[in-house]
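In: Following is a predicted model, sequence given first.
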Amino acid sequence: MKMPYVLVPLLLSFKLLAAPVPNKDTIHLSLLPFFSSAAVFIAKEKGCFREENLDVEFIHAGAAQNVALSVASGEADIGVTALTAGFYNLAGKGELKIIAGQYQEKKGWPGSTFLACNTAYEKGLTSPEMTIHHSMGITQTGSTFHRWFGAMADRQGETLDNNLLIRLQTVPAMIAALNSCQVDSITMMSQVAYKLSSENKAHIIGRVSDYSPGQMGIVFASPRSIKNQPDKIQRFLNAYKKASQIYFDTLITGDNNNEKQALLSRINQYLTPKLPENLLPEAVVYLDRSARPDIPSMQENLNWYQQQGLVNKKYNLDEMLALELLNNPDKIPVTNGKLP
């Protein structure tokens, strides 16, 4: 018996509908819940990861150096965080590779902020230059917090007093120590700084970008992941670049306040702590539109850590870079200023 012609396309349609949908690839992404990670939050919110058939799960770490360790150990596939001595050492050993840029300290834009506790402020700690003569809260030796205070000392031709550096291991512990005036000062991302200031728990006394502009955040993966799953890493970067463009076009160069506020509200869902809506514009950090890193300032960072004896002097930055998947094979730097 011949099948009626009208049923053939109908049956084909059913077969197409019944075809299995490819499973999404999962990526475990280690990060800190700061505004500097906004591009990955946008990629999740705006469906950029979904368009690349990716399911990205966030792993929150307590400190930037912990993010590097989680990727090197295989707990996470990709890390997004600030440059630290710990990162440079792991990358120097060949355990991590930089695949894109994250946030930059750029003059005129919020980023990290110098904060003084209320008691210290009342006693005269009112400028970043004064912080190096007071107790300074950091997470760990070799952290970016350590680096910024070190840059401030270098700027004034002084040596950072190791006894004044209070190592508190995690960001929440730093915030708690500042609130209780167990330390006189810390540096912290603007979203945290403005919240503390608005609640009269601390005083903002300056921006890091006015003293130490340059690349501070990066995206990285292990060579193992890059070699064994280049397609997955490439798709992640495709989504990440698209989200960086959305961020830049809306928050850096955009002039539509409604669009800005809507995007800020979506980013705010992922932040710890969350900010009141009216403070969100104060937390916008600078991201490159194409997610390209500023290589010269990363070299300046590496040089400083090596000078302090925190990173092996044999390690060089060029061997830590794997930017070909970012479609930037010539490693063209985007120079927004060098660290002092």
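Out: Arrived safely.
In: element containing Gly79?
Out: Gly79 is part of strand 78-82 when elements are defined by DSSP states H and E.
In: Output the next helix-or-strand element following that strand as PDB, restricted to C-alpha atoms.
Out: Using DSSP H and E, the next helix or strand after strand 78-82 towards the C-terminus is helix 85-92. Output in PDB follows, covering the C-alpha atoms of helix 85-92 (Å, rounded to 0.1, in the frame of the first residue of the first chain):
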ATOM      1  CA  ALA A  85      52.200  36.400  42.400                       C
ATOM      2  CA  GLY A  86      50.500  33.000  42.800                       C
ATOM      3  CA  PHE A  87      49.100  33.200  39.300                       C
ATOM      4  CA  TYR A  88      52.500  34.200  37.800                       C
ATOM      5  CA  ASN A  89      54.300  31.300  39.600                       C
ATOM      6  CA  LEU A  90      51.800  28.700  38.300                       C
ATOM      7  CA  ALA A  91      51.800  30.200  34.800                       C
ATOM      8  CA  GLY A  92      55.600  30.300  34.900                       C
END
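In: Now do helix 85-92: everything it contacts.
Out: Outside of helix 85-92, the residues within contact range by CB atoms under 8 Å, 6 or more residues apart in numbering are 64-65, 68-69, 72, 81, 96-98, 140-143, 146, 218, 220, 301-302, 305, 308, 310-312, 314-316, 319-320. (Each C-beta comes from the backbone N, C-alpha and C, glycine too.)
In: now the angle from it to strand 78-82?
Out: Going by axes from the mean of the first three to the mean of the last three CA atoms, to 10 degrees, helix 85-92 is angled at 140 degrees with respect to strand 78-82.
In: Which residues does the very next helix or strand once past helix 85-92 contact?
Out: Following helix 85-92 in sequence order, the next helix or strand is strand 97-101 (DSSP H and E). Under the criterion CB under 8 Å, 6+ apart, residues 78, 91, 215, 217-223, 226, 233, 237, 240-241, 287-288, 291-294, 298, 320-323, 325-326, 334 lie in contact with strand 97-101.
In: please redo it, this time with the cut-off set to 6 Å
Out: Contact with strand 97-101 is made by 218-221, 223, 288, 291-293, 320-322, 325-326, as judged by CB atoms under 6 Å, 6 or more residues apart in numbering.
In: ditto for stretch 228-240
Out: By CB under 6 Å, 6+ apart, stretch 228-240 touches 25, 27, 39, 43, 48-49, 52, 54, 221, 226, 291, 325-326.
In: No more questions from me, cheers.
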